[in-house]
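In: this one's structure only:
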């Protein structure tokens with residue numbers, strides 16, 4: 001059975017949607033940036049003889065890390081820009097919705 005009081009209470013909560021969207025973009029979540037995975041830090045042994053023995057491999061790990069972290073930053077920048085564009089579109093859509101129901 002339709003309960004008008006519950007419906008009205010639900011409608012009152014709609015004003016929180018823009019704040020939730022903005023907060024989600026600002027804070028971010030692992031789910032939203034799942035494609036922007038940070039590379040693992042290179043391992044440097046604490047034993048001096050191991051460092052000398054594996055110097056070429058360690059150097060290669062550092063160079064790979066630097067390349068991958070640059071890709072990671074680009075990915076994060078692109079995701080942030082996409083999220084801001086989406087937030088803007090959703091905010092505009094929400095404004096149209098509010099005007100449509102006469103809440104503004």
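Out: That came in fine, so what should we check first? Nothing here was measured: the structure is a model prediction, and the numbers come from that model.

In: hey, which helix is longest across this protein?
Out: Longest helix of the chain, by residue count under DSSP state H: helix 55-101.

In: Quick check: which helices or strands does it pack against?
Out: helix 17-27 (3 or more Cβ pairs under 8 Å, 6 or more residues apart in numbering; DSSP states H and E). For the C-beta atoms, the positions are set from N, CA and C on the backbone; glycine is no exception.

In: how about low-confidence regions in the chain?
Out: 1-34, 104 (pLDDT under 70).

In: Could you rerun that using 80?
Out: In the predicted model, the chain carries pLDDT under 80 at residues 1-34, 103-104.

In: Now do the phi/psi pair for residue 37.
Out: Main-chain dihedrals, residue 37, degrees, to the nearest 10: phi -90, psi 130.

In: How many residues are close by it?
Out: 12 (other Cβ atoms under 10 Å).

In: And the residue nearest to residue 40 when sequence neighbours are not counted, how far from residue 50?
Out: Of all residues not flanking residue 40 in the chain, residue 65 sits nearest, at 7.7 Å (Cβ to Cβ, 6 or more residues apart in numbering). According to Cβ to Cβ, to the nearest Å, residue 65 and residue 50 sit 18 Å apart.

In: So between those two, which is more surrounded?
Out: Higher neighbour count among residue 65 and residue 50: residue 65, with 16 against 12, using other Cβ under 10 Å.

In: residues in contact with that one?
Out: Neighbour list for residue 65: 39, 40, 41, 42 [criterion: Cβ atoms under 8 Å, 6 or more residues apart in numbering].

In: Find the nearest non-adjacent residue to the first one, please.
Out: I take that to be residue 39. Of all residues beyond its chain neighbours, the one nearest residue 39 is residue 68 (3.7 Å), with distances taken as Cβ to Cβ, 6+ apart.

In: The one you found contacts residue 37, correct?
Out: No: if you go by Cβ atoms under 8 Å, residue 68 and residue 37 don't touch, sitting 9.2 Å apart.

In: re earlier: tell me how far the residue nearest to residue 40 lies from residue 85.
Out: Counting by Cβ to Cβ, the gap from residue 65 to residue 85 is 30 Å.
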